[in-house]
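Asker: What would the 3D arrangement of this be:
(2 chains)
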There are 2 protein chains.
Amino acid sequence: MSPSAPTEQHPAHSLAFLEDDANGLRVPVTEIALDDSPDGSPNAPLRVYRTAGPGSDPVIGLAPYRAGWIEERGDTEAYEGRARNLLDDGRSAQRRGAPSAEWRGARPAPRRARNGRRVTQMHYARRGVVTPEMRYVALREGCDVELVRSEVAAGRAIIPSNINHPESEPMIIGRAFLVKINANIGNSAVTSSIAEEVDKLQWATKWGADTVMDLSTGDDIHTTREWIIRNSPVPIGTVPIYQALEKVSGDASALTWEVFRDTVVEQCEQGVDYMTIHAGVLLRYVPLTADRVTGIVSRGGSIMAGWCLAHHQENFLYTHFDELCEIFAQYDVAFSLGDGLRPGSTADANDAAQFTELDTLAELTKRAWEYDVQVMVEGPGHIPFHLVRENVERQQELCDGAPFYTLGPLVTDVAPGYDHITSAIGATEIARYGTAMLCYVTPKEHLGLPNKDDVKTGVITYKIAAHAADLAKGHPGAHERDDALSKARFEFRWRDQFSLSLDPATAEAFHDETLPAEPAKTAHFCSMCGPKFCSMRISQDIRNEFGSKQAQEAIAGIAEGMKQKSAEFVARGGKVYLPETITVGTPD
Amino acid sequence: MSPSAPTEQHPAHSLAFLEDDANGLRVPVTEIALDDSPDGSPNAPLRVYRTAGPGSDPVIGLAPYRAGWIEERGDTEAYEGRARNLLDDGRSAQRRGAPSAEWRGARPAPRRARNGRRVTQMHYARRGVVTPEMRYVALREGCDVELVRSEVAAGRAIIPSNINHPESEPMIIGRAFLVKINANIGNSAVTSSIAEEVDKLQWATKWGADTVMDLSTGDDIHTTREWIIRNSPVPIGTVPIYQALEKVSGDASALTWEVFRDTVVEQCEQGVDYMTIHAGVLLRYVPLTADRVTGIVSRGGSIMAGWCLAHHQENFLYTHFDELCEIFAQYDVAFSLGDGLRPGSTADANDAAQFTELDTLAELTKRAWEYDVQVMVEGPGHIPFHLVRENVERQQELCDGAPFYTLGPLVTDVAPGYDHITSAIGATEIARYGTAMLCYVTPKEHLGLPNKDDVKTGVITYKIAAHAADLAKGHPGAHERDDALSKARFEFRWRDQFSLSLDPATAEAFHDETLPAEPAKTAHFCSMCGPKFCSMRISQDIRNEFGSKQAQEAIAGIAEGMKQKSAEFVARGGKVYLPETITVGTPD
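Answerer: Here you go, the predicted model:
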């Protein structure tokens, strides 16, 4: 279904920039060149949001775009950082005495807040300070910078931007802005190397991933992450409990706050922009899952539930939450509050376990805000379509508008192999009502490990859901690409149809399956109706016959002009022809 | 994405029957055998709705299942029928003196209503008569037969069942029943033979198509349809204007009511169950499309618009509508009132052209009901997500609940190559609010001719949309398959997960890509977390530790039992292990 597209740019796509000369900012966009209309009138190129970044040689990484901004604020200091520990890369690295492919690019000393300072975007936004990150985002979103500042100040949007990830291009996650999507990558001991993970990162951002989560849980976890962050133009998220669990040989009951804290600091210093923290899985909530059809399906959630049960103690992520806030505030790491008790089946949707945990996530959201730490809240999961809306409305109300970040939700459980689709349906619905970011689901969900094609299919499917929600929300400018593509379609500008689509190579390949000849791409017909008969052509005849004014007269019943036009239509040989090629397309 | 599955049944699937001994009826269903749960308790086999029919040798066709019922009503008569005309098969058949593969199976004389009789299901329903077709449908849907009768009587549901298509298994289309899907097939002069079309029919119904439209527009159109109908266990729909246009050499302005009428009678005698009729495209509506981004995109709509303009006369389908009703009433052919002015882009959605035509379709619906003719109304097309609901609610109100039958709608125009997905999102939304049948869209929509894989992808995607809507509507029993699959997932019954899914072969193939070994299908883990650590397993531990009653006590704060359980958990070695295989799946 998804033939691989080359990583090179599409011929009609070029890198362009939105400029803010006054502030010395430029935001990369993809400019799509368009052909003239058949009547000779030009079509202005369309500029679209771009996540691909400037591209990097993996062994060198990206330039530290934001380094100057961070330095100029004067609120951070470089420091020696936590000592390198080979266990960060797992037991086999320890045995070997080295990870399998040590990062060899630049290794500047990590930065943290100066003593007593808070360095988060939220901190500045609340004090009324507009940062370069906020200006960049405003330019990128095409909105007023005051909207950016005020939404970040209110906690209704976040700009994930660890000061140790200066390579990232600032982006914003919040309901007032374009809906964003996240793609998951991560190494596999069996099938993938560090180079492959960097390749997946670049592949995912090429197709439109706004953030990427590195869910590695195997060997070389520290080093893989280093390569990913140094090459990532988008914010990177992680689930630090996965690495912490590695450090205690996979025995959840052996986890301690100290091991976890050390892992978080390690990741803060590397530049992770947001971290999933399952602090809402409280001991007393665990029994609420006992009668579920599918129990606890979140890995992080089940790790913490297992720990709570083994120790009969409260979740250490909850009891040490303030300390986490203090750490995050020093690096501007954002919380992604994990929904460890999310439903794993439509049968378990919107139940007590899920909603009780959400109450706690709301409490934690406000606690983090006391430290000026940015927060988003994670959501399900598996929800029947009619119960989706309640999720986002409840979250928005309880969490005072903190951005919601959901996985799908899948609206049915009966289609493993197609869960990118079952979840895109729920994702569109939940984004329409205010979810700010959608975590993609690939066709392999529930079945196996996604390959590169699956990553692409997941990203494109989620771009569809996010964009459909932007249209439904009436987001300014969202319809421009649709309208440009529809106009190209009506005018048989085939090349423009391809280049305006989310996946030009696939659109072109599908077209060529039926009509491979090169002239067919400039022909004023398609394989649906063939060259002689074409409904689009008839419509163009109609438009040629009726100007807008006459159309109005005709509606008013003044049919005299129509009669005349009709005679002219016939006189000019206005005929409608039989299709020569035949179709199984649209029914009428 | 969709590896071809064999046409043979899945090993765990078997043909079973719902029996109504009192009335001598049996309805085929697919029975899915399930393994025992790990604790040894059995799982009852699940019976699911089946559209595949009993299977047929294409050259012989299916047995005339309903022939006895039709005969027994005594309201019809066999007659000589319209004379065979080689032009029915196009100009090349005329030149050759024969179609390329004449139907050689049984050719009973066609039947029609005895003089002055109406033979439609609506006619009987309105008179309070329960037909075998209604009983069959009630058994199939698992509902009271009175619901079936009363909904058909009220026009809120139809049972498409041409008396000349006795091979069909009765099914119902209406908002009170399971949401149905239609698949389009049809010959192509370039690429496909009659045998291939029969194969596509069987393929589409194997995957779940509830009705099939034959949109052939090329050579051998009459004969292709004969083969399709004689082999079809589901109702067949057509767009007769396509064939009529062939008969006038593709010149729409040369179309006449007489040619059209003759074509309709030809198709009635063959057994077409419903026909798309573009009688709502009125002359005065045509100018309303002049300012659209994409004008008229319906082929039937543009043919009639072209005809109206060329003649400056009112659409002959509208002016002869009563005559059409009289014909349809003689064979029990249902109207599918075509939306010839439907929007072809999200920019044109819900505009005056579309909604004015709908007013006329509502008028025609009621006119058809005066003849006891069954009616459904076709709908769009391309609609942004937030405007979808208005379409079905408006149609339901204006048309007094006549079944709505929509194409998608697509909720964005930016993803050619993925329009099965863009449209499934809209389809779920529109079905949730009452659309009764969804016409599938394949990945090739707007680009080319769907191949067999595309047909399958389209059908499965639309089964997802229809089923998600059934769940959202709270349709009784709809959740059973979801719950059975979720339970199988939780219990690591991999084979049951595959066999319960809409596409077992694809689910299994995806699983095997990562863990191909046979034992992995019975293993109590998956590739997501690996054999040692597994969130599902932890959940099962939790369930084992907490009975439902104790869970309640724990919620109430009675934690003493928990403390004890916790100690037991640790004492028994309740540990949580590190994943050995690693994943890029779900974020937490």
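Asker: Endpoint to endpoint, stretch A:54-61 covers what distance?
Answerer: By CA to CA, to the nearest Å, the extent of stretch A:54-61 from end to end equals 11 Å.
Asker: Would you mind pulling the contact partners of that stretch?
Answerer: Contact with stretch A:54-61 is made by A:15, A:28, A:62-63, A:104-106, A:167, A:195, A:198-199, A:202, A:227, A:230-231, A:233, as judged by CB atoms under 8 Å, 6 or more residues apart in numbering or on different chains. For glycine as for every other residue, the C-beta is placed from the backbone atoms N, C-alpha and C.
Asker: now the residues you listed: which count as buried?
Answerer: A:Pro28, A:Leu62, A:Glu167, A:Val198, A:Asp199, A:Gln202, A:Trp227, A:Arg230, A:Asn231, A:Pro233 (16 or more other CB atoms under 10 Å in any protein chain shown).
Asker: returning to what we had before: please name whichever of the contacts of stretch A:54-61 scores lowest on pLDDT.
Answerer: Among those, A:Ala195 carries the weakest pLDDT, at 88.
Asker: What is the most widely separated pair among the contacts of stretch A:54-61?
Answerer: A:Leu15 and A:Arg104 (27.6 Å; CB to CB).
Asker: Who's the closest spatial neighbour of A:Ala63, skipping the chain neighbours?
Answerer: Taking CB to CB, 6 or more residues apart in numbering or on different chains, and ignoring the residues beside it in sequence, A:Ala63 has A:Glu167 as its nearest neighbour in space, at 6.9 Å.
Asker: so who does that neighbour touch?
Answerer: With contacts defined as CB under 8 Å, 6+ apart, the neighbours of A:Glu167 are A:Gly61, A:Leu62, A:Ala63, A:Pro64, A:Tyr65, A:Arg66, A:Ile229, A:Arg230, A:Asn231, A:Ser232, A:Pro233, A:Gly271.
Asker: From the residues you listed, pick the one nearest chain B.
Answerer: Closest approach to chain B among these (CB to the nearest CB): A:Ser232, at 15.1 Å.
Asker: What strand or helix carries A:Leu438?
Answerer: Here A:Leu438 is covered by strand A:437-439, with elements defined by DSSP states H and E.
Asker: Then A:Glu378?
Answerer: A:Glu378 belongs to strand A:375-379 when elements are defined using DSSP H and E.
Asker: which other helices and strands contact that strand?
Answerer: Using 3 or more CB pairs under 8 Å, 6 or more residues apart in numbering or on different chains; DSSP states H and E as the contact criterion, the neighbours of strand A:375-379 among helices and strands are strand A:334-337, helix A:352-370, helix A:385-398, strand A:404-407.
Asker: If you count neighbours, what's buried in the second one?
Answerer: Put plainly, it is helix A:352-370. Within helix A:352-370, the residues that count as buried by 16+ other CB under 10 Å are A:353-358, A:360-365, A:367-369.
Asker: cool, and stretch A:138-147?
Answerer: A:Ala138, A:Leu139, A:Arg140, A:Glu141, A:Cys143, A:Val145, A:Leu147.
Asker: Check stretch A:386-398 too.
Answerer: With burial defined by 16+ other CB under 10 Å, the residues of stretch A:386-398 counted as buried are A:His386, A:Leu387, A:Val388, A:Asn391, A:Val392, A:Arg394, A:Gln395, A:Gln396, A:Leu398.
Asker: For B:Arg84, see how far away the first one is.
Answerer: Same thing as A:His386. 52 Å (CB to CB, to the nearest Å).
Asker: same question, the second one
Answerer: Relative to B:Arg84, A:Leu387 is positioned 57 Å away (CB to CB).
Asker: Helices of the stretch 101-250 of chain A, residue ranges please.
Answerer: For the stretch 101-250 of chain A, the helices defined by DSSP state H, counting those that start in this stretch occupy A:121-126, A:132-141, A:145-153, A:194-207, A:221-230, A:240-247.
Asker: picking up where we left off before, who touches the strand holding A:Leu438?
Answerer: Contacts made with strand A:437-439 from outside it, assessed by CB under 8 Å, 6+ apart, are listed as A:173, A:179-182, A:184, A:210-211, A:213, A:376, A:403-408, A:427, A:430-431, A:462, A:465-466, B:587.
Asker: elements contacting the following helix or strand past that strand?
Answerer: If you walk from strand A:437-439 toward the C-terminus, the next helix or strand you reach (DSSP H and E) is helix A:452-472. Under the contact criterion of 3+ CB pairs under 8 Å, 6+ apart, the helices and strands touching helix A:452-472 comprise strand A:180-185, helix A:194-207, helix A:419-432, strand A:437-439, helix A:479-490, helix B:385-398, helix B:419-432.
Asker: Just checking: what are the partner strands of the strand holding A:Leu438?
Answerer: On the basis of DSSP bridges, the sheet neighbours of strand A:437-439 come out as strand A:180-185 (parallel), strand A:404-407 (parallel).
Asker: For the last one, the averaged confidence score.
Answerer: So the one you mean is strand A:404-407. Per-region confidence: strand A:404-407 scores 98 on mean pLDDT.
Asker: Could you pull out the buried residues of that strand?
Answerer: Buried positions in strand A:404-407, judged by neighbour count with 16+ other CB under 10 Å: A:Phe404, A:Tyr405, A:Thr406, A:Leu407.
Asker: quick one: A:Asn23 and B:Ala106, what's the gap?
Answerer: Look at A:Asn23 and B:Ala106: by CB to CB, they are 81 Å apart.
Asker: ah, wrong one, I meant A:Glu80
Answerer: In this view, A:Glu80 and B:Ala106 are 90 Å apart by CB to CB.
Asker: same deal with A:Thr422?
Answerer: When A:Thr422 is compared with B:Ala106 (using CB to CB), they lie 43 Å apart.
Asker: what's the neighbour count on the closest residue to A:Ala254 other than its chain neighbours?
Answerer: Taking CB to CB, 6+ apart, and ignoring the residues beside it in sequence, A:Ala254 has A:Val248 as its nearest neighbour in space, at 4.1 Å. Applying the criterion other CB atoms under 10 Å in any protein chain shown, we find 17 residues in the vicinity of A:Val248.
Asker: can you check the one 10 residues further on too?
Answerer: In terms of burial, A:Glu258 registers 11 neighbours under the definition other CB under 10 Å.
Asker: what's the answer for the one 4 residues further on, then?
Answerer: When neighbours are counted by other CB under 10 Å, A:Asp262 registers 18.
Asker: just to revisit the earlier point, out of the buried residues of strand A:404-407, which is nearest to chain B?
Answerer: Out of these, the one with the shortest distance to chain B is A:Leu407. That distance is 6.5 Å, counting by CB to the nearest CB.
Asker: Any idea which helix or strand in chain A has the lowest mean pLDDT?
Answerer: Confidence across the helices and strands of chain A bottoms out at helix A:548-555, with a mean of 46, counting by mean pLDDT, DSSP states H and E.
Asker: Contacts for the host helix or strand of A:Glu323, please.
Answerer: Under the assignment given by DSSP H and E, the secondary-structure element containing A:Glu323 is helix A:321-331. Outside of helix A:321-331, the residues that reach it under the criterion CB under 8 Å, 6+ apart are A:111-113, A:118-120, A:123, A:162-164, A:261, A:264-265, A:268-269, A:275, A:277, A:279, A:317, A:333-335, A:364, A:367-368, A:370-373.
Asker: are any of those buried, and which?
Answerer: A:111-113, A:118-120, A:123, A:162-164, A:261, A:264-265, A:268-269, A:275, A:277, A:279, A:317, A:333-335, A:364, A:367-368, A:371-373.
Asker: From the residues you listed, which land in strands?
Answerer: A:Arg111, A:Arg112, A:Ala113, A:Met275, A:Ile277, A:Ala334, A:Phe335 (DSSP state E).
Asker: Give the full set of residues in contact with the residue nearest to the last one when sequence neighbours are not counted.
Answerer: Residue nearest to A:Phe335 in three dimensions, not counting chain neighbours: A:Val375, with 4.5 Å by CB to CB, 6+ apart. Remark: with contacts taken as CB under 8 Å, 6+ apart, A:Val375 is in contact with A:Gly155, A:Ile158, A:Ala334, A:Phe335, A:Leu337, A:Leu364, A:Thr365, A:Ala368, A:Trp369, A:Cys399, A:Ala402, A:Pro403.
Asker: Look up how far A:Ala465 lies from A:Val375.
Answerer: Counting by CB to CB - A:Val375 and A:Ala465 are separated by 23 Å.
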